[in-house]
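> take a look and give me a structure for this.
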Amino acid sequence: MKASIIGLDIAKSVFQAHGADANGKCVFKRKLGRSEISAFFAKLDPCEVVLEACGSAHYWARVISRIGHDVRLVPPDRVKSFVKKGKKNDAVDAAAICMAATHPDTMCVPIKSEEQQGVLSLHSTRALLVKQQTMLSNALRALASEFGLIAPLGTRHLPELMAKIETSADLPATMKQSAMLLFEHYEKVAQSIEALEVQIRARAKSDEDARRLMTIPGVGPITASLIVASVADIGSFASARHFAAWLGLVPRQHSTGGKTRLGRITKTGNRQIRTLLVLGATAMLHRAHKWDSAAGQWLCELMARRPRRLATVALANKMARIIWALLSRKEIYRPAGVSVSAG
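Numbering: from 1, shown residues only. Coordinates of the predicted model:
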């Protein structure tokens, strides 16, 4: 019997396919090796193929799409909802992928192109190096504090701290050697981060959508480039609220007895974009009192009404909604609140 939908559980070497008809009845279960995937799908009539949006999913989605099938990616958390407790294997996962795809509330993940994934690799590498940079900075400060040396917060003070260590006659040579290794590694990482940011900024300036987003206060080239590379099709989000929800910037809803209570933000979706928007919102609130504009007044009123952290998240949510509007309408942001078409 012909399958109308196939759930494919992907892995490093062994894949599991679960075919179902239009009524959801299983018509086949098949274990496949990595080298068998292309040949297997080439023999099938065009149908809907669903994968879980995990590692290498975008690659396989492109491969299977080129064969002629309609490929969709579903979020891992949706698939998890359809896996029965106590039953966890590749065959069960493949069946759960099918069920998740047919559920009306499932929002699919847009398939990324090779170019988009290439740009995202710059961002993921940068994020990793930034974490390493922070770890090295903290390690150097901790080492120095054990010998009575401290430095003010901020990366610009690390060279001063290192100079104190080198010129101190009371410190053991072994400590100086350890400090020098940490500092040299820190500088190399900082140089690598700067090299990546140069590439990201250049790409952002050459991309029309990224330039459009950079007209929004609090959105720089790093944030704009990441959003453009992450969002394959802004049309896949029905509204600005859907986009903000995808970024995890909307509050959880708890309803009981006809009453609805809003909780903390969901923090689902793309954590890296959400973090950058929150950082941008934090910077905006920090200098809001210096803006002689309607936007500055609105920010000051927001901080007066809400706790600082809550105001920051509210502003990040507003920024996400503006991003959706500009990308959807192909417009640029105007400080007065009026958007006009980009020429």
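> please count neighbours and contacts with C-alpha atoms only from this point.
OK.
> distance of V92 from V27?
Taking CA to CA, to the nearest Å as the criterion, V92 is separated from V27 by 14 Å.
> likewise L285?
Computed as CA to CA, the L285 to V27 distance reads 57 Å.
> tell me which of those two has more neighbours.
Neighbour tally, L285 and V27, criterion other CA atoms under 10 Å: the higher count belongs to L285, 20 against 15.
> quick check: which element contains the residue found closest to that one once you drop the neighbours it is linked to in the chain?
If the residues on either side of it in the chain are set aside, L285 comes closest to L299, at 6.6 Å by CA to CA, 6 or more residues apart in numbering. Taking DSSP states H and E as the definition, L299 sits inside helix 294-305.
> would you mind writing the CA trace of that helix as CSV?
As requested, the backbone C-alpha atoms of helix 294-305 are provided in CSV (Å, rounded to 0.1, in the frame of the first residue of the first chain):
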residue,chain,number,x,y,z
ALA,A,294,8.7,59.7,22.0
ALA,A,295,10.5,56.4,22.1
GLY,A,296,12.7,57.6,25.0
GLN,A,297,9.7,58.8,26.9
TRP,A,298,7.9,55.5,26.3
LEU,A,299,10.9,53.6,27.7
CYS,A,300,11.2,55.8,30.8
GLU,A,301,7.4,55.3,31.4
LEU,A,302,7.8,51.6,31.0
MET,A,303,10.6,51.4,33.6
ALA,A,304,8.5,53.5,36.0
ARG,A,305,5.6,51.1,35.7
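> how far off centre is stretch 46-56?
20 Å (CA atoms, centre = their mean, to the nearest Å).
> neighbouring strands - and their directions - for the helix or strand where H18 lies?
Secondary structure here is read from DSSP H and E; on that basis H18 sits in strand 14-20. The sheet places strand 14-20 alongside strand 5-9 (antiparallel), strand 26-33 (antiparallel), with pairing taken from DSSP bridges.
> could you pull out the buried residues of the shortest one?
By that I understand strand 5-9. For strand 5-9, burial by neighbour count (16 or more other CA atoms under 10 Å) applies to I5, I6, G7, L8, D9.
> what is the nearest of those to P104?
For the buried residues of strand 5-9, the closest approach to P104 (CA to CA) belongs to I5, at 15.1 Å.
> neighbours of D21, just the number please.
Each residue near D21 was counted by other CA under 10 Å, and the total is 15.
> so it makes contact with I5?
Yes - applying CA atoms under 8 Å as the test, D21 and I5 come out as touching, 6.5 Å apart.
> which helix runs longest in this structure?
Counting residues, the longest helix found in the chain (DSSP state H) is helix 173-206.
> how about that one: buried residues?
For helix 173-206, the buried set under the neighbour-count rule, 16+ other CA under 10 Å, comprises 176, 179-180, 182-183, 185-186, 189-190, 192-193, 196-197, 200-201, 203-205.
> what about the nearest residue to Q132 once chain neighbours are set aside, distance to C98?
Closest residue in space to Q132, ignoring its immediate chain neighbours: V189 at 7.6 Å, by CA to CA, 6+ apart. As defined by CA to CA, V189 lies at a distance of 44 Å from C98.
> so where is this structure shaky, pLDDT-wise?
Within the chain, the stretches falling below the threshold (pLDDT under 70) are 1, 86, 252-268, 292-293, 295, 336-343.
> nearest to the spatial middle of it, which residue is it?
Central residue check for the chain by CA atoms, centre = their mean: the C-alpha nearest the mean position is that of N270, 3.0 Å away.
> who touches that residue in this structure?
The neighbourhood of N270, defined by CA atoms under 8 Å, 6 or more residues apart in numbering, consists of W246, L247, G248.
> spatially nearest residue to the second one, not counting backbone neighbours?
Which is L247. G269 (4.9 Å).
> and that neighbour, helix, strand or coil?
Judged by DSSP: H, G, I helix; E, B strand; the rest coil, the three-state class of G269 is coil.
> L171 contacts I165, correct?
Yes - the pair L171 and I165 passes the contact test of CA under 8 Å, sitting 7.4 Å apart.
> which one of the two has more residues nearby?
Under the criterion of other CA under 10 Å, the comparison of L171 against I165 puts I165 first, with 21 against 13.
> that one looks like it's in a helix, true?
Yes - counting by three-state DSSP, one finds I165 located in a helix.
> tell me how far it lies from S137.
Taken as CA to CA, the spacing of I165 relative to S137 amounts to 14 Å.
> what of G220?
The span separating G220 from S137 equals 25 Å under the rule CA to CA.
> circling back to that earlier point, rebuild the buried residues of strand 5-9 as a markdown table, extending it with distance to I332.
Listed next are the buried residues of strand 5-9 as a markdown table, based on distance: CA to CA, whole Å:
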| residue | distance to I332 |
| --- | --- |
| I5 | 41 |
| I6 | 42 |
| G7 | 41 |
| L8 | 41 |
| D9 | 41 |
